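[1] kindly generate the corresponding structure for this input.
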Amino acid sequence: MTAIDRSVIRRPQWHWWVIIPPVLLAALLFGAAIGEVSIPPLVVLKVLANKALNAGYAVDKIDEGIVWNYRMARAVVAMCCGAGLALSGVVLQALLRNALADPYLLGISAGASTGAVAVTILGLGGGAISLSIGAFSGALVAFAFVALLAQAAGGGVGLRAAGVIVLAGIAGSQMFNALTALMITKSANAEQARAIMFWLLGNMSGVRWPDVLSALPAAMIGLLACLWHARALDAFTFGSDSAASLGIPVRRVQLLLIGTAALVTAVMVSVVGAIGFVGLVIPHAMRIVVGHRHAILVPASALAGAVFLVFADVISRVIVPGQVLPIGVVTALVGAPVFALILIGKRTSP
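    Just a heads-up that it's a prediction; the model follows:
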């Protein structure tokens with residue numbers, strides 16, 4: 001190993017934890033200040049000062065409601081969802097050694113959507129099962145289906161394994177999306193069907209502060225689990241045999257991290273619906289910026305995912321005057337070209 005390599009490995013990473021708070025604060029302020037209704041920045045700051053510091057500034061109640069109950073709540077939930085989905089992508093790509101692995105492509109989002117819709121429309125569980133539990137159950141069933149299908153197809157190793165997992169994920173996504181559409185068609189009225197289909201594309205219009213109580217703990221669980229197992233994730237990028245040779249309990253760590261990814265995805269889907277490309281694009285982009293070490297990649301991906309989804313939410317509110325687009329449409333419109341550029345850059349790099 002060269003001196004340059006050692007210096008890269010030993011480079012202190014404290015600066016990431018220094019820049020994260022101000023960047024998140026700036027993103028929150030941006031999310032609270034920009035929207036369909038024009039509110040002066042000074043009024044926005046007064047509202048936030050009143051709520052956070054009990055400053056006592058005189059502000060219009062309507063402006064206060066828009067800034068705090070609508071925009072700020074959406075910004076916080078978008079931040080949590082972006083961070084959680086990006087972390088899920090980091091985990092799945094490391095454990096499966098597949099650059100295309102993410103909750104959306106592997107059917108986890110589709111399964112979570114099916115579970116959530118089953119609880120909402122069919123009344124599965126007779127009211128004893130919450131939306132998040134239904135989504136989590138659907139996410140686990142979907143991932144188990146994809147894993148069994150890939151194993152039955154005999155993925156082997158290397159490129160063939162990557163291709164088989166992706167194909168199995170596509171099959172699982174299509175099947176669970178079809179089940180969701182079938183439930184909506186048979187059991188929902190026209191108004192319910194429209195609301196659910198809009199939600200399935202990623203809808204933050206109904207997000208309020210109580211949703212933070214679901215999204216924030218899920219994002220924190222995902223972040224802490226990834227940071228705690230950063231060394232294991234580094235080892236898994238070289239294969240499960242390499243991880244086992246380093247003394248890592250492979251099966252237990254795999255089940256824990258995949259379960260965490262499924263839980264985080266399920267909670268986010270239950271709050272805002274299925275949002276694609278965040279778990280796929282953000283980890284790739286951050287690997288280009290900070291490298292492959294998960295001690296750095298995990299906080300960088302969480303930060304980038306949080307900021308990206310806040311910006312996507314703002315764009316969804318202002319891009320079409322008088323209408324709010326599903327946030328999943330915005331992430332796809334931005335994420336697909338960015339991912340294409342990443343792929344082209346990797347192909348042309350030496």
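
[2] quick one: mean pLDDT for the strand or helix carrying S173?
    Under the criterion of DSSP states H and E, S173 resides in helix 158-187. The average pLDDT for helix 158-187 rounds to 80.

[3] find the residue at the geometric middle of this structure.
    L85 (1.6 Å; CA atoms, centre = their mean).

[4] which of the residues in the next helix or strand after the helix holding S173 are buried?
    Going down the chain from helix 158-187, the next helix or strand is helix 190-200, by DSSP H and E. Within helix 190-200, the residues that count as buried by 16 or more other CB atoms under 10 Å are A195, I196, M197, F198, W199, L200. Yep, even glycine has a C-beta here, placed from its N, CA and C like the rest.

[5] re earlier: mind checking pLDDT for the residue nearest to the centre of the chain?
    94.

[6] same thing with the one 5 residues further on?
    We note a pLDDT of 94 for V90 in this prediction.

[7] mind checking how far the helix holding S173 is from the chain centre?
    Put simply, helix 158-187 sits 19 Å off its chain's centre (CA atoms, centre = their mean, to the nearest Å).

[8] what's the angle between that helix and helix 190-200?
    160 degrees (axes from the mean of the first three to the mean of the last three CA atoms, to 10 degrees).

[9] how about helix 158-187: buried residues?
    Under 16+ other CB under 10 Å, the buried positions of helix 158-187 are 161-166, 168-169, 171-173, 175-177, 179-181, 183-184.

[10] who's in contact with A33?
    Shown in contact with A33 (CB atoms under 8 Å, 6 or more residues apart in numbering): I39, P41, V44, R71.

[11] pLDDT below threshold where in the stretch 201-350 of the chain?
    346-350 (pLDDT under 70).

[12] what's the neighbour count on the residue lying closest to F277 once chain neighbours are set aside?
    With CB to CB, 6 or more residues apart in numbering as the criterion, F277 has its nearest non-adjacent residue at 2.9 Å, and that residue is G335. Counted by other CB atoms under 10 Å, the residues lying close to G335 total 23.

[13] and the gap between G335 and V250?
    32 Å (CB to CB, to the nearest Å).

[14] and for A52?
    Distance from A52 to V250, by CB to CB: 45 Å.

[15] likewise V338?
    Distance from V338 to V250, by CB to CB: 33 Å.

[16] who has more neighbours, these two?
    Between V338 and V250, V250 has the larger neighbour count (other CB under 10 Å), namely 19 against 16.

[17] can you tell me which residues contact the more buried one?
    By CB under 8 Å, 6+ apart, the neighbours of V250 are S240, A243, A244.

[18] taking the residues you listed one by one, which sit in strands?
    Applying DSSP state E to the contacts of V250, no entry is found in strands.

[19] just the buried ones from the residues you listed?
    S240, A243.

[20] could you pick out which of the contacts of V250 are located in helices?
    S240, A243, A244 (DSSP state H).

[21] please state the offset of the strand or helix carrying V310 from the chain centre?
    Using DSSP H and E, the element containing V310 is helix 294-318. Remark: helix 294-318 is offset 9 Å from the chain centroid, using CA atoms, centre = their mean.

[22] and after it, which helix or strand comes next?
    Immediately after helix 294-318, counting by DSSP H and E, sits helix 327-348.

[23] list the contacts of that following helix.
    Residues contacting helix 327-348 (CB under 8 Å, 6+ apart): 78, 201-204, 272-278, 280-281, 284-285, 288, 308-309, 312-313, 315-316, 319.

[24] can you mark which positions in it are buried?
    Buried residues in helix 327-348 (16+ other CB under 10 Å): I327, G328, V329, V330, T331, A332, V334, G335, V338, F339, I342.
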